[in-house]
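Engineer: Make a model of this:
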Amino acid sequence: MSAPKFESARLTYRGFRKPDLDEMYNMYSDPEVQLGAMIDGALPRSDAFKEEMEGWAKCAFFSVVLEKDTGKWVGIASLRVQVPKDREGEAAITLKHEFWGKGYGTEVMRWLVDQAFRTLNLHRVSLGVFGSNPRAVATYKKSGFVEEGRKRKGTFVQGKWEDLILMGILDEEYWAGQEEKNGVIVSYTGDIAIYRLLYTPSLAAERARSHNAGETYLCPRAYLRQPIASGWSLKSVVCASCDHTHKQARIHADNQYAVSAARNIDHTQAQHRFWFSTRSTRAAVTVVPISSRRAAMFETPRLILREWRESDEDSVLAAFNTHSFMLTGKGSYIVPCTKDKFREFWSKLVKNCLMMVVAEEKESGKYVGNASLRGADPKNRDADVGLMIDQDFQGKGYGTEIMKWMVDYAFRGLGLHRLSLSVYGNNPAGIALYKKTGFIQEGVKREALWIDGEWVDEIHMGVVDREFWAAQKAARP
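Structural biologist: From the prediction side, this is the model:
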């Protein structure tokens, strides 16, 4: 069976291959292409430029564009994600001059925008285009981009200064455009988000059921498309068939996308419904100045949370090399770990972490433990949580203090969608700690570990953003 292809109406898309460097080099050797794509203008490009181009293919999303009918090499398309937390992709497309004027630019950009929001789950896509390139500006506008600003006379092109036009498209704008095609129109007025359900045969049954129940539901196509923009709440739903405005609407509990995008929700477990009310505001997180005697980014009531330093190695190894930790936190053989093996393991761990913090006791400055977030890819935004507390500080509530901060910062500061962890069945204190900080049990890998003469279960736990925000709202006075 042949591998599935990415494709649009007249084009196919595939991953980068080494021979593509020659095609890219030839494309960028064309002065006309350079004038539209290169900030440094039209210049002869050396072989070293090939090495630079090879690095481009390592971005979040990079694709080579081919013509379906002929198999000819058309160009490239890419999305570069600089900060995963913000979920912003920088879009770029470049086509060979011989394929200009055929509508391929619009076809490629529309496909790329689809990938950005449907596949990579980005929040916004941005790009920059020279004012001297009206054809590209028109292409981007047809693909949903709007002009957000101009860097006036920001680049020198062909003997004169040109504006650099900054353009962008948000996820809410993209999905609104998709829903308009599918029978739903979204509009925002002041603090009100209005959904107008168009009367189409495909929605007739849903509309009738809603009216019979005395409630108005969004159709499935609406609530599977993340229709509510971050910071907005559903104020009213207008039915085009009866022109009746429902001041409050219910949305099915499986509306995961809408729930993750709207923060001001009340969830009643018995009803299994999410209610959207008027727009609400939340106080911003206040950063408390730390003691001037040591530098740190974060703190909790009794702890300072700072970056990992090489000088922490002995303290962490000592905590790692305790029998109590290995019984509950090390899945392999329980044997002493040498410094060399630990250094190799720990360096890889730190390198692959989204975040690693070391906890110090404020009063004494002593090492208390460390916590980490690993594996949070930009699309799924799911991070694995790691926590280790030195045995001298166990039983004092420090683990709960660190984990509460970690969960709060993961959702407020890093914009993650969920947190995951595993804990051994022989660690009831750890299980209780994680439950206190919002985690719920999601599964059990039965008899997964041989520890101290018996088989022990491995318990998988998790918390998702909507559960965190619901708990925060419930805790407000």
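Engineer: make it CA atoms for all contacts and neighbour counts henceforth
Structural biologist: OK.
Engineer: Report the distance from stretch 451-464 to the chain centre.
Structural biologist: Taking C-alpha atoms, centre = their mean, to the nearest Å, one finds the center of stretch 451-464 at 28 Å from the center of the full chain.
Engineer: I'd like the average pLDDT over that stretch.
Structural biologist: The pLDDT scores in stretch 451-464 average 90.
Engineer: Could you do stretch 13-33 as well?
Structural biologist: Rounded mean pLDDT across stretch 13-33 is 89.
Engineer: Could you export it as CSV, CA atoms only?
Structural biologist: Extracted in CSV, the C-alpha atoms of stretch 13-33 (Å, rounded to 0.1, in the frame of the first residue of the first chain):
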residue,chain,number,x,y,z
TYR,A,13,3.2,18.0,-0.4
ARG,A,14,5.9,15.9,1.0
GLY,A,15,8.8,16.1,3.5
PHE,A,16,12.2,17.5,2.8
ARG,A,17,14.9,15.3,1.2
LYS,A,18,18.6,16.0,0.7
PRO,A,19,18.2,16.4,-3.2
ASP,A,20,15.7,19.2,-2.6
LEU,A,21,18.7,21.4,-1.6
ASP,A,22,19.7,21.7,-5.3
GLU,A,23,16.1,22.7,-6.3
MET,A,24,15.9,25.2,-3.5
TYR,A,25,19.3,26.7,-4.4
ASN,A,26,18.2,27.1,-8.0
MET,A,27,15.0,28.7,-7.0
TYR,A,28,16.7,31.2,-4.7
SER,A,29,19.3,31.9,-7.3
ASP,A,30,16.6,33.7,-9.3
PRO,A,31,16.8,37.4,-8.6
GLU,A,32,13.0,37.8,-9.0
VAL,A,33,12.4,35.2,-6.3
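Engineer: Contacts for it, please.
Structural biologist: 5-7, 34, 42-45, 49-50, 53-54, 57, 62-66, 73, 75, 94-97 (C-alpha atoms under 8 Å, 6 or more residues apart in numbering).
Engineer: buried ones in stretch 107-120?
Structural biologist: By neighbour count on 16 or more other C-alpha atoms under 10 Å, the buried set for stretch 107-120 is 107, 108, 109, 110, 111, 112, 113, 114, 115, 116, 117, 120.
Engineer: ok, now stretch 360-367?
Structural biologist: In stretch 360-367, counting by 16+ other C-alpha under 10 Å, buried: 360, 361, 362, 367.
Engineer: tally of neighbours for residue 131?
Structural biologist: Residues near residue 131, counting by other C-alpha atoms under 10 Å, number 23.
Engineer: mind listing what the nearest residue to residue 367 once chain neighbours are set aside touches?
Structural biologist: The shortest distance from residue 367 to any non-neighbouring residue, by C-alpha to C-alpha, 6 or more residues apart in numbering, is to residue 360 (4.7 Å). Counting by C-alpha under 8 Å, 6+ apart, residue 360 makes contact with 303, 304, 305, 366, 367, 368, 369.
Engineer: Please convert those residues to CSV, extending it with distance to residue 19 and pLDDT.
Structural biologist: Converted to CSV, the contacts of residue 360 look like this (distance: C-alpha to C-alpha, whole Å; pLDDT from 0 to 100):
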residue, distance to residue 19, pLDDT
303, 54, 94
304, 51, 92
305, 48, 92
366, 55, 91
367, 52, 92
368, 53, 93
369, 49, 92
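Engineer: Tell me which two in those residues are the farthest apart.
Structural biologist: Largest separation among those by C-alpha to C-alpha: 305 and 366, giving 11.8 Å.
Engineer: Please give the centre-to-centre distance between stretch 402-410 and its chain.
Structural biologist: Put simply, stretch 402-410 sits 18 Å off its chain's centre (C-alpha atoms, centre = their mean).
Engineer: before we move on, what about stretch 300-309?
Structural biologist: The answer for stretch 300-309 is 26 Å, by C-alpha atoms, centre = their mean.
Engineer: What residues sit buried inside that stretch?
Structural biologist: For stretch 300-309, the neighbour count (16+ other C-alpha under 10 Å) marks 300, 303, 304, 305, 306 as buried.
Engineer: again with stretch 336-350
Structural biologist: Neighbour-count burial for stretch 336-350, counted by 16+ other C-alpha under 10 Å, picks out 342, 350.
Engineer: now what about the helix or strand where residue 89 lies, what contacts it?
Structural biologist: In the assignment (DSSP states H and E), residue 89 maps to strand 88-95. Contacts to strand 88-95, defined as C-alpha under 8 Å, 6+ apart, come from residues 27, 33, 37, 74-82, 105, 108-109, 112, 116, 122-127.
Engineer: That strand: what's the following helix or strand?
Structural biologist: Next helix or strand after strand 88-95 toward the C-terminus (DSSP H and E): helix 104-114.
Engineer: What segments of the stretch 351-477 of the chain are strands?
Structural biologist: For the stretch 351-477 of the chain, the strands defined by DSSP state E, counting those that start in this stretch cover 353-361, 367-374, 382-389, 418-424, 440-451, 454-464.
Engineer: Pull the distance from the fourth one to the chain's centre.
Structural biologist: This points to strand 418-424. Computed by C-alpha atoms, centre = their mean, the separation of strand 418-424 from the middle of its chain amounts to 19 Å.
Engineer: Return the list of helices and strands in contact with it.
Structural biologist: Contact partners of strand 418-424 among helices and strands, from 3 or more C-alpha pairs under 8 Å, 6 or more residues apart in numbering; DSSP states H and E: helix 323-329, strand 382-389, strand 454-464.
Engineer: Give me the buried positions along the first one.
Structural biologist: Meaning helix 323-329. Those would be 325, 326, 327, 328, 329, for helix 323-329 by 16+ other C-alpha under 10 Å.
Engineer: helices or strands up against it?
Structural biologist: Secondary-structure packing of helix 323-329 (3+ C-alpha pairs under 8 Å, 6+ apart): strand 418-424.
Engineer: 10 Å instead, please
Structural biologist: helix 313-320, strand 382-389, strand 418-424, strand 440-451 (3 or more C-alpha pairs under 10 Å, 6 or more residues apart in numbering; DSSP states H and E).
Engineer: Would you format those as JSON lines with distance to residue 463 and mean neighbour count included?
Structural biologist: Formatted as JSON lines, the helices and strands packed on helix 323-329 follow (distance: least, C-alpha to C-alpha, whole Å; neighbours: other C-alpha atoms under 10 Å):
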{"stretch": "helix 313-320", "distance to residue 463": "26", "mean neighbour count": "16"}
{"stretch": "strand 382-389", "distance to residue 463": "10", "mean neighbour count": "20"}
{"stretch": "strand 418-424", "distance to residue 463": "5", "mean neighbour count": "21"}
{"stretch": "strand 440-451", "distance to residue 463": "6", "mean neighbour count": "14"}
